[in-house]
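**Student:** One predicted model, sequence on top.
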Amino acid sequence: MPDSKTTTDTSTLSPELKAELANIIAPYRNERGALITALQKVQERLGYLPEPAIAQVAQAMKLSESEVYGVATFYNFFRLKPVGKYLVSVCRGTACHVRGGPRLLEHIKKNLGIGEGQTTADLKYSLETVACVGACALAPNITINNETFGKMTTKKATDIFGEER
Ligand code: FES
């Protein structure tokens, strides 16, 4: 499987992590229009946007937390929950759809014991659906941490993820 992502536990931010985030946010503090970029940088560092980080961004950029939450929830590339070590993305594009994508998705949900947008309790897997991943000839496709697995079958999914949880 491809290299894992790291997700930092930030239920509370350590002073060191707060200082690190302050440095990350600093170049954008006086530019209201740079909120998206600041959030992207924070998410790159933490793997997602935990509540204390949202609060820190809001304070640094002199915005309300609800304004920052509004932006973070509007764009689907922001994550408010931790992402698993392996991000499993099932293609919902047309070619994959007609070649069994929905059935595959249901099967993987059972393999992992989670629904779309969820992460397993052990933080190993997160599951999402994505638009066409650009490999339609190999449909149906899934990606795991950006590596594409083509011509997927339910059997291959079970080989990768194991039996139903
Ligand atoms: S529709 Fe799935 S790769 Fe294009």
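**Tutor:** Looks like it came in fine.

**Student:** Okay, strands next: where are they in this protein?
**Tutor:** Counting by DSSP state E, the chain has strands at residues 86-91, 125-130, 142-144, 147-149.

**Student:** Which one of those strands lies nearest to the ligand?
**Tutor:** Nearest to the ligand among the strands of the chain is strand 86-91 (3.4 Å), distances taken as Cβ to the nearest ligand atom. (Glycine included, C-beta is placed from N, CA and C.)

**Student:** Which stretch among the strands of the chain is buried most, on average?
**Tutor:** strand 86-91 (a mean of 23; mean count of other Cβ atoms under 10 Å).

**Student:** would you turn the strands of the chain into TSV with distance to Ile36 and mean pLDDT?
**Tutor:** As requested, the strands of the chain are exported to TSV (distance: least, Cβ to Cβ, whole Å; pLDDT from 0 to 100):
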stretch	distance to Ile36	mean pLDDT
strand 86-91	21	96
strand 125-130	20	94
strand 142-144	24	97
strand 147-149	27	96
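
**Student:** Format those strands as CSV; extra columns: distance to Leu49.
**Tutor:** Shown next, in CSV, are the strands of the chain (distance: least, Cβ to Cβ, whole Å):
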stretch, distance to Leu49
strand 86-91, 15
strand 125-130, 14
strand 142-144, 22
strand 147-149, 25
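
**Student:** Need those strands in a markdown table (columns: distance to the ligand).
**Tutor:** Converted to a markdown table, the strands of the chain look like this (distance: least, Cβ to the nearest ligand atom, whole Å):
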| stretch | distance to the ligand |
| --- | --- |
| strand 86-91 | 3 |
| strand 125-130 | 9 |
| strand 142-144 | 9 |
| strand 147-149 | 8 |
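
**Student:** from memory Tyr75 sits against Thr37, does it?
**Tutor:** No - applying Cβ atoms under 8 Å as the test, Tyr75 and Thr37 come out as separate, 11.8 Å apart.

**Student:** Before I go, just wanted to say thanks for your time.
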